[in-house]
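Visitor: Turn this into a model:
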Amino acid sequence: MPAQIYLASQSPRRRDLLSLWGVSATLLLPESDEDSEALEAEREGETPLQYVSRVTRAKLSAAQARLLRRQLAPMPILCADTTVALNGEILGKPRSIDDAKQLLTKLSGHTHEVLTSVAVGYWDAHDQWLSLQRVSRSQVRFSSLSARQIDRYVATEEPFGKAGGYGIQGVAALFIDCINGSYSGIMGLPAYETSQLLEAVGVELVVSP
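Guide: This is a model prediction of the structure:
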């Protein structure tokens, strides 16, 4: 039987990666009355690292409260958040077609940073709630994009719902000249950091020691 955890994320990519690593993830998603987008609101003066770390902790806290309200069986809860930053500016998810085009225009011809924070919450042997967190940082260099390329990419609708307005595992891979860091982290769930956290709380992966 695969290891069992809760995943507080709607990202199918994260669930697929966990499955590949031998972990079965039961979704623990926000209820209709939860304002999950408010958790991702930026605060003045926050660096990208401070932002992504805080948002992930907030998501984990909300997921824990959700589990308790639903009176679900206790299992480790995994949360993650991915942030794209260019010269210290946080580039969030596009809200419109024009917004997506503006994001891609900013990324064109430049190297940006992708930060993915992962947190795991769990109950220890004394029934105390604890959490662990790691952050993966990678650099991605975009080639120079023409207006036509940007228009055609936005028309695929792939940019929407993704930090920075692109997904490396999709069509946008055609634009990426070089990466330095974790490919899975850029996708949204860094393999190494996630495995370290899960193994630390007793979750065995398919190749755990």
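
Visitor: how far out from the middle of the chain is the longest helix along the chain?
Guide: What stands out as the longest helix in the chain, according to DSSP state H, is helix 48-70. Centre-to-centre, helix 48-70 and its host chain are 12 Å apart (CA atoms, centre = their mean, to the nearest Å).

Visitor: just stretch 184-201 next, same as before
Guide: So, by CA atoms, centre = their mean, the centroid of stretch 184-201 is 11 Å from its chain's centroid.

Visitor: For it, give me every contacting residue.
Guide: 3, 5, 11, 13-14, 17-18, 21, 23, 76, 78, 80, 82, 114, 116, 118-120, 122, 132-138, 140, 167-169, 179, 182, 205, 208-209 (CB atoms under 8 Å, 6 or more residues apart in numbering). Heads up, the C-betas are built off the backbone N, CA and C, glycines and all.

Visitor: Name the residues of the longest helix of the chain that are buried.
Guide: Residues 48, 51-64, 66-67 are the ones in helix 48-70 that count as buried (16 or more other CB atoms under 10 Å).

Visitor: residue boundaries of the strands in this structure?
Guide: Under the criterion DSSP state E, strands of the chain are mapped to 3-7, 23-27, 77-86, 89-91, 111-123, 129-142, 176-180.

Visitor: what is the closest residue to Ser9 other than its chain neighbours paired to in the beta sheet?
Guide: Once flanking residues are discounted, Ser9 sits nearest to Ala80: 6.0 Å by CB to CB, 6 or more residues apart in numbering. Per DSSP bridges, the residues bridged to Ala80 are Val118.

Visitor: do you know how far Ala80 is from Gln133?
Guide: 10 Å (CB to CB, to the nearest Å).

Visitor: Next, show the common contact partners of these two.
Guide: With CB under 8 Å, 6+ apart, Ala80 and Gln133 have common neighbours Thr56, Ser117, Val118, Ala119.

Visitor: Could you pick out the buried ones from the residues you listed?
Guide: Of the shared contacts of Ala80 and Gln133, these count as buried by 16+ other CB under 10 Å: Thr56, Ser117, Val118, Ala119.

Visitor: Check which residues of stretch 149-166 are buried.
Guide: Neighbour-count burial for stretch 149-166 [16+ other CB under 10 Å]: Ile150, Tyr153, Val154, Glu158, Pro159, Phe160, Lys162, Ala163, Gly164, Gly165, Tyr166.
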